[in-house]
Each structure stands twice: as C-alpha cells, then as structure tokens.
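In: quick one: sequence and predicted model below, then my questions.
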Amino acid sequence: MSNKPDGPEKGKDFIRTIIDKDNEADKYGGRVHTRFPPEPNGYLHIGHAKSICLNFGVARDYQGKCNLRFDDTNPTKEDVEYVDSIREDVKWLGFTWNANPFASDYFEKLYFIAELFIKMGKAYVDHQSADEIRENRGTLKEPGTNSPYRDRPVEENLDLLRKMRAGAMKDGECILRAKIDMAAPNIMLRDPALYRIKHATHHRTGDTWCIYPMYDFTHGLSDAIEGITHSICTLEFENNRPLYNWCVDTLMEGLRQPELFDENAAIYNELAALPGFNQRPYQYEFARLNITGTVLSKRKLIQLVQEGHVSGWDDPRMPTICGFRRRGYTPESLRDFCDRIGVAKADSTVEFAMLEHCVRQDLNERAPRYLGVMDPVRLVIENYPEDQMDEFTMPLHPEDESYGKRTVPFTRELWIERADFMEEPPKKFFRMGPGREVRLRFAYYVTCTGFDKDADGNITEIRATYDPATKGGWSEDGRKVKGTLHWVSIPHAVQAEMRNYGNLFTTDNPNSVEEGKTFIDYINPDSVEVLDTCWVEPALADMAPGTNFQFERTGYYCADTKDHKPGEKLVFNRTATLRDSWAKIQKNG
RNA sequence: UGGGGCGUCGGCAAGCGGUAAGCCAUCAGGUUUUGGUCCUGACAUUCGGGGGUUCGAAUCCUCCCGCCCCAGCCA
C-alpha cells in the first residue's frame, strides 16, 4: 500500500494527504470508502464533476470504493427524472460506483435511530411553531432560549414521534429536535431539527412515510451505515461538521447500549455489525468550483431552464454535464480539467480558458479533420475546365495516419470562406486578395484574378486561375505561398447548419452584479449564432450524431445528438474554436 | 464587532523551518499544406500587512487587514 514511504507526494491534494496519514495510522485497516451524494433535484453540472472526480478518483487511487448515494430526504423537491440523468452523467464521465443506494433505503433504520436518540435523552419532540423556533434560536451574537417542550419525558417523546410517523399530526404541527445546546456559538448546534412532518408522496417510498429525516441527521448516519471512511463535501458544510460528528457519535454511543434496543434486537445487530461502527467516518470540506462567465448554482440553472433562456438542461451553453456533452466536450477533457484545477480550501474561480484548453488538447489528438465553409462565397477557377474534376485524398488526421483518409472532390466552382478574401488586404493578411496566390488545402495554388460586388458592396464572386503544376497543394519549384484556404466543391457540397456558441453571459462574473440587477440581466443575446447555409464536404453527410471532429482552420464541432439527422439534415455544434492568432493580430493591430 | 474557514504570479495551485514546483493565460522566437498542433525561451528577490523568534521563515509566534460560510421544519 505504501509505495511512497516518504509521506505525501509532491503536488498531492490535501484530501489524499489526509488519507495517507490515516492509512499510515491504520485508521480504517487500509479501507478507503467515499461517496458522491447528490440530491436528485436537478441535473449535474461541472461543479459536481469536480466532486465526482475527487470521490471516485480517490477510490480508484487507493483501490477503495465509492458509492453513488442519492440524498433523497425531501420528497417535494425530488424526482426520478433526476436520478436517471445523474446515473447517466456519472457513467458518461467514466466512473463506476461500488453501490448505488438511496438515503430512503435507510428510512426504517434512521427512524429506529431517532427513537434511540430519544431513549438516550438526546432528542425531543417540539410543539413550537416554525416561527417560534426561529425566534427562540437567538441570533449570531445572542444565544437562543430553550423550548418549553425540551424536557419532556422519554416516554412522551416516544409516543409523540410514533404518532408523527403514524400520520396523526399535520405538517408543521411538531418536529423532532436534537437536544444539544441552545447557547452554542455555532447556530447549527442549537437543537437542530432531525425529523419533520411532510405529508408528501416520495418518488421512491410513495406514501409509506409522512415524516422525513433532515440532511444532517441522514447524512452522517448514512455514511456510518455504508462504512464510508472519508466523507468529502464542499466548504459551506464546515459549520455542519460538529453536528455531523454529534449524530455519528451519538449513534456509536447508543450502539454501546444494546438494552436500548430491547424490542428491536435485529436492528441493533444489523447496525452494530456495520463497518462504520468501529471505524466511523469523518467529514472533510473542499472549495466548490467556480468558473468565469457562467453560473453554477442549482437555483440559477433551474431558472435559466424554466424561464426559457436556454433550450433545456442540455442546452450546449449550459455548464451542466449534459450541456457540455451535447456541446461536444469529451469525458476525458472534463476529467483532465478536474485534475488540473486541483482541490483546496480557498475559494477560487477558474478561468473558462482552462476548460477550453482541456477540450482543445483532447480533441486535437482525437478529432478527425474535415473541410466546411460556414460563410460561403463563390470562387471560380477560370482556367479549370467545366467538365473536369479532381479527387483529392486527404488524411483525416495530420499527426496520426491510423485515422485513414477520405476523398474530396474538386471542381471549377468552389465555396470558400468570406473571411478569407479581402479587396484591400493589409500587410499581415496572408489570405486571398487581388493578384495574390494562395493554396487551396491539398488541392492547388490559385491566383486571384478578379471579383464581383453587388450594389451594397458585398463580394458576390471571386475569380482565380490555378496552376496545374501544383496539384496536391505544393510546388516543385519550391515557391511558397503565405496562406492555405479550405474549400468545398459547389456541385458536391452538402448543406449544413452550424451552431456557433459563445458566452452565455456578457460578464465574467454573473454571480456578482450591479445593484438592482440579477444575473438574468447579463444574459448575452448573441450567445448562439446559427448559420444554416453552410457547405461541407460530402464525407460529412453520414456522420453519426455525437461525433466529434474538426473543421480545419475553424474549430471543433460535434454532430448534434438531437437535431442532426444523417443524410437529411446536418447540424453541427461548435465545441470550441481553434486558437486564432490572426484574430489576435486583428484585435491588437 | 458570536462561531467556523480562507488569503502564494493575471487565473488555478504545490510548498509543512533550509532559501518560491507545475498548469492555464500572456509575450518573444522556431517548425508547419490548418495564422491549428508541436518546439524553444520569458513570466513571483517574493508569499495580504506590521512586528517578533531563528544562523535561516511563505512555513513558528503575535497583532492587524481583507474575503467566504452559518440564524430552512432545504441539501
């Protein structure tokens, strides 16, 4: 287990450093067991990917286990739609869970533990209203005051909790509270709620229950039940850690008193046999992910979807896992991103450029190359016979022959990119202009001989002559050309729609906005550019939905998984542009 | 100003008393049938600030400053 006897490796995150120390101290007998515990009330986003990579990554690195546990303790917010999508996203990211339990699987056990806490004098049923409880909680500076129901006898509490469970009470009528300390400086410890009454149908347990356990009670105990060793969550739960420990410690203490289980020896034996009994879990917190130019809070993401600012959870502009997937991001690129950003405790915001770098790097290696013109203008090769055609064989990948080749037809009339021609080109413009010779990629050198404009001054047609001696795109005489252009033969061109995505917001930080505004006010009205008359080479006509590829000189694209229909309608989503040093030159002058 | 955390390059992030890793971004070159890729080089005398301990401090002590989290019967 210790192939690194000299302590933590350089660069290792603090979580793994803790695990190394625990292993050194033989805290869990070498076991490492984590869990990723989403509430199924929304779709997973890139922030969850960070947590997934951490939890599953730790399990992988230490030959341990990681559970995918659904924290489904609030029936009014949760739905099976979300559990399905979460499973799909975790799998797509490339991880396999050890087990896939639901907190609701433990409702019976949890209920018994609640009774146990009452028997231990650690919990009581409070009949104060929600408002009264809030008022008596005190403030950040002032201590709270005890509930008048705080010292009810055990039997009365037990009776009340059983009535709660039996449905004898209405929502909000009373609540089960931990008896801790109403004067605790940490407000989380001022007799927090353990169980509330909710006459609601749960997506899995139906109407079996009308009382549901709260997060803090459920989470630590579920960890203990599953034998979790390291319970990793985000920073905002730091204040909950003492309560997490209180719940787990109280359970452990109760398990040392088998007499309290008199009527339920079976449950006692089951709980006492759990690995988490003697090797209790501990919680550790890391900083959640923030990325420039987007929002990563579930509430905001839901709002974007519900108010129709995006087409859905999988809109390619969404920072959701399914959004990135549809946009063309690969699981490898997302995992690489999570590895690169690290795990620490300082609040931070990672630049979107880091993510873009990760996809570009992955796709550069793996995406086959094709030619496609998104803003077409006609190029006529005047000295190329009308009835002639060349078929050029081009490699699908410039650095990897194993990708093979495809054939691309070349004729007298071609589509080229409007941006590749300038009537009066500046010195640093290496593309086509009157009298200039450029290369048509893998085809011929051509020299511009003229062009036409319409009444508005738009270029309508460009004319050129080709040099037959430059077939394949190179010249034996060694003469060089500055630019290489992509092109598509007009008679063979296949029409396609390209969806070019940009920033969803007009600001780098939609989370902090001017007073009186919300992040919605910063939505970029031009975040997607749909170009429906693009022309692409014939090889693309049958491309399967979801395929990643590169349009040479333009960017990485992905055949849309919903609207792209091979042979019928081609729809390509832009995953990322290629790095563009010409754009920089234009910008900086 | 109750409690809990955090402050190292433009953005992430190592560092754990021995004299500031790496990545992204940026800039400058080279290669190139993608202005892509690739390659080379530059990029913190300084670690939020002030004191102190030490031969030696980003690392220890101390005071100060700044930012984040907590008063759901949400998670």
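Out: Yep, it's here. Numbers count the residues shown, from 1 in each chain, chains lettered A, B, ... in the order given.
In: A:T465 - that's part of a strand, no?
Out: Yes - assessed by DSSP: H, G, I helix; E, B strand; the rest coil, A:T465 belongs to a strand.
In: so where's the stretch 301-450 of chain A shaky on pLDDT?
Out: For the stretch 301-450 of chain A, no stretch has pLDDT under 70.
In: for RNA strand B, what's its nearest residue on chain A.
Out: Closest to RNA strand B within chain A is A:G473: 2.4 Å, counting by CB to the nearest atom of the strand. Where C-beta positions appear, they are placed from N, C-alpha and C, glycine not excepted.
In: how about the contacts made by A:Q550?
Out: A:L363, A:N364, A:A367, A:P368, A:R369, A:Y370, A:Y556, A:Y557, A:L578 (CB atoms under 8 Å, 6 or more residues apart in numbering).
In: pretty sure the third one is touching A:G555, no?
Out: No - A:A367 is beyond contact range of A:G555, at 10.1 Å (criterion: CB atoms under 8 Å).
In: hang on, the earlier thing: so which of the contacts of A:Q550 reach RNA strand B?
Out: A:N364, A:R369, A:L578 (CB under 7 Å from any atom of the strand).
In: CSV for those, including secondary structure and neighbour count?
Out: Converted to CSV, these look like this (DSSP: H, G, I helix; E, B strand; the rest coil; neighbours: other CB atoms under 10 Å):
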residue, secondary structure, neighbour count
A:N364, helix, 15
A:R369, strand, 18
A:L578, coil, 16
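In: any chance of JSON lines for the residues you listed, columns distance to A:D71?
Out: Formatted as JSON lines, the entries for the ones next to RNA strand B among the contacts of A:Q550 read as follows, by distance: CB to CB, whole Å:
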{"residue": "A:N364", "distance to A:D71": "39"}
{"residue": "A:R369", "distance to A:D71": "45"}
{"residue": "A:L578", "distance to A:D71": "41"}
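In: mind checking the SS state of A:C448?
Out: strand.
In: wait, it sits on A:P425?
Out: No - using CB under 8 Å, A:C448 is not in contact with A:P425, being 10.1 Å away.
In: comparing the two, which residue is more hemmed in?
Out: A:C448 (19 against 15; other CB atoms under 10 Å).
In: so what pairs up with A:V438 in the strands?
Out: Legend: beta-bridge partners of A:V438 under DSSP bridges are A:V446.
In: so how far is stretch A:34-54 off the chain centroid?
Out: 8 Å (CA atoms, centre = their mean, to the nearest Å).
In: can you redo the contacts of A:Q550 as JSON lines with distance to A:P258?
Out: Shown next, in JSON lines, are the contacts of A:Q550 (distance: CB to CB, whole Å):
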{"residue": "A:L363", "distance to A:P258": "60"}
{"residue": "A:N364", "distance to A:P258": "63"}
{"residue": "A:A367", "distance to A:P258": "62"}
{"residue": "A:P368", "distance to A:P258": "66"}
{"residue": "A:R369", "distance to A:P258": "69"}
{"residue": "A:Y370", "distance to A:P258": "70"}
{"residue": "A:Y556", "distance to A:P258": "62"}
{"residue": "A:Y557", "distance to A:P258": "64"}
{"residue": "A:L578", "distance to A:P258": "68"}
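In: show me the shaky parts of the stretch 451-589 of chain A.
Out: In the stretch 451-589 of chain A (pLDDT under 70), the answer is A:589.
In: okay, helices next: where are they in it?
Out: A:581-588 (DSSP state H, counting those that start in this stretch).
In: again, but for the stretch 51-200 of chain A
Out: Using DSSP H, counting those that start in this stretch, helices in the stretch 51-200 of chain A cover A:80-92, A:107-119, A:130-136, A:154-166.
In: same check, this time on the stretch 201-350 of chain A
Out: A:215-226, A:241-255, A:265-272, A:275-278, A:298-306, A:321-327, A:331-341.
In: to A:A419, which of the ones you listed lies closest?
Out: helix A:321-327 (23.2 Å; CB to CB).
In: elements contacting the closest one?
Out: Judged by 3 or more CB pairs under 8 Å, 6 or more residues apart in numbering; DSSP states H and E, the packing partners of helix A:321-327 are helix A:46-61, helix A:80-92, strand A:571-577.
In: ok, for A:D532, nearest residue in space, not its chain neighbours?
Out: A:E497 (4.6 Å; CB to CB, 6 or more residues apart in numbering).
In: and the stretch 451-589 of chain A, which residues reach RNA strand B?
Out: A:472-474, A:483-484, A:550, A:552-553, A:578-582, A:584-585, A:588.
In: what ranges do the strands span in the stretch 301-450 of chain A?
Out: A:369-370, A:372-373, A:376-381, A:390-395, A:405-410, A:413-417, A:437-440, A:445-453 (DSSP state E, counting those that start in this stretch).
In: how about the second one, does it get close to RNA strand B?
Out: No - using CB under 7 Å from any atom of the strand, we find that strand A:372-373 stays clear of RNA strand B, coming within 11.0 Å at best.
In: quick revisit: tell me the most buried of the helices of the stretch 51-200 of chain A?
Out: helix A:107-119 (a mean of 21; mean count of other CB atoms under 10 Å).
In: for that one, packing partners?
Out: strand A:123-126, helix A:154-166, strand A:175-178, strand A:193-197, strand A:211-213, helix A:215-226, helix A:241-255, helix A:265-272.
In: ok and it relative to helix A:154-166, angle-wise?
Out: Interaxial angle of helix A:107-119 relative to helix A:154-166 (axes from the mean of the first three to the mean of the last three CA atoms, to 10 degrees): 160 degrees.
In: so for helix A:107-119, what's the average pLDDT?
Out: In this model, helix A:107-119 carries a mean pLDDT of 97.
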